[in-house]
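Peer 1: quick check, what structure comes out for this input:
(chains A and B)
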Amino acid sequence: AQKVTQAQTEISVVEKEDVTLDCVYETRDTTYYLFWYKQPPSGELVFLIRRNSFDEQNEISGRYSWNFQKSTSSFNFTITASQVVDSAVYFCALSEVMDSSYKLIFGSGTRLLVRP
Amino acid sequence: KAGVTQTPRYLIKTRGQQVTLSCSPISGHRSVSWYQQTPGQGLQFLFEYFSETQRNKGNFPGRFSGRQFSNSRSEMNVSTLELGDSALYLCASSRILAGGMNTGELFFGEGSRLTVL
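Peer 2: Alright, predicted model coming up:
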């Protein structure tokens, strides 16, 4: 069965530190998508990135970068020079195809606290 | 472009009552999914609608139902509320690809926080 594991329940860093959020997944699908979402206190899940299983290139977007390694079934997320505004819960998710549509399997989330 | 809008944002009900939550997707998005978020179970898929039809349903009892209207707006209903139904209910919309699949890229609303007393 599809599964996403985020082993880090909570991480606390001081502003300007780099931080990596880990994500390990299990799937039997050969084609799938991986996602990261950010959930600030307001509750809305904010889409950060989608990665196709065939594309193992790392991606960088500003202070954010993602490392996808199919060999270890991991899709880790690094925030460089963290800021207080990065404080939120971050969810990794895996797509599961069901009857012509995708549903997302979410990890349990990692709460990131960035202290000034 | 307006985001996904969910109403009401907060509501309190008592056991045995029923509740209806509403979701307006992003304009042009025709797939609407619902997720339940609780501290214990995390984020769990409830159902997905496209073209006024439920395509997928998660592992929830029949007390949880939904529908989609011709303008893609969606509602979900929970009948005979139980204490365990207290949760944040998140709606997400997605575009539809040529083959009818959603893109998997979900845009979420801020959710409706339901408290059952």
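
Peer 1: list the contacts of the least confident helix or strand in chain B by mean pLDDT.
Peer 2: Every helix and strand of chain B was ranked by mean pLDDT, DSSP states H and E. The lowest is strand B:53-57, at a mean of 90. Under the criterion CB atoms under 8 Å, 6 or more residues apart in numbering or on different chains, residues A:98-101, A:103, B:45-49, B:66-68 lie in contact with strand B:53-57. Just so you know, the C-beta spots here come from the backbone N, C-alpha and C atoms, and that holds for glycine as well.

Peer 1: repeat that for stretch B:9-18.
Peer 2: The contact list for stretch B:9-18 (CB under 8 Å, 6+ apart) reads B:19, B:77-83, B:110-117.

Peer 1: ok, of those residues, which come out buried?
Peer 2: B:19, B:78, B:81, B:110-114, B:116 (16 or more other CB atoms under 10 Å in any protein chain shown).

Peer 1: could you list which of those residues belong to strands?
Peer 2: Per DSSP state E, strands hold the following members of these: B:19, B:78, B:112-114, B:116.

Peer 1: let me see the contact set for residue B:65.
Peer 2: Residues in contact with residue B:65 (CB under 8 Å, 6+ apart) are B:76-79.

Peer 1: what's the closest of these to chain A?
Peer 2: Closest approach between the contacts of residue B:65 and chain A, by CB to the nearest CB: residue B:76, at 15.1 Å.

Peer 1: the residue nearest the centre of chain B pairs with what?
Peer 2: In chain B, the centroid-proximal residue (CA atoms, centre = their mean) is residue B:34; its distance is 2.9 Å. Residues in a beta bridge with residue B:34, per DSSP bridges, are residue B:47, residue B:91.

Peer 1: my read: it touches residue B:75, true?
Peer 2: No. In this structure, residue B:34 is not within contact of residue B:75 by CB atoms under 8 Å, at 9.6 Å.

Peer 1: list the contacts for the residue nearest to the centre of chain B?
Peer 2: Residue B:34 makes contact with B:23, B:45-48, B:66, B:74, B:76, B:89-92 under the criterion CB under 8 Å, 6+ apart.

Peer 1: out of these, which are buried?
Peer 2: Taking 16+ other CB under 10 Å as the criterion, what is buried in those is B:23, B:45-48, B:66, B:74, B:76, B:89-92.

Peer 1: mind listing what's buried along stretch B:91-103?
Peer 2: B:91-96, B:101-103.

Peer 1: which bits of chain B sit near chain A?
Peer 2: Within chain B, the positions lying close to chain A (CB under 8 Å from any CB of the partner chain) are B:3, B:31, B:33, B:35, B:42-45, B:48, B:50, B:55-56, B:58, B:88, B:90, B:92, B:94, B:99-111, B:113.
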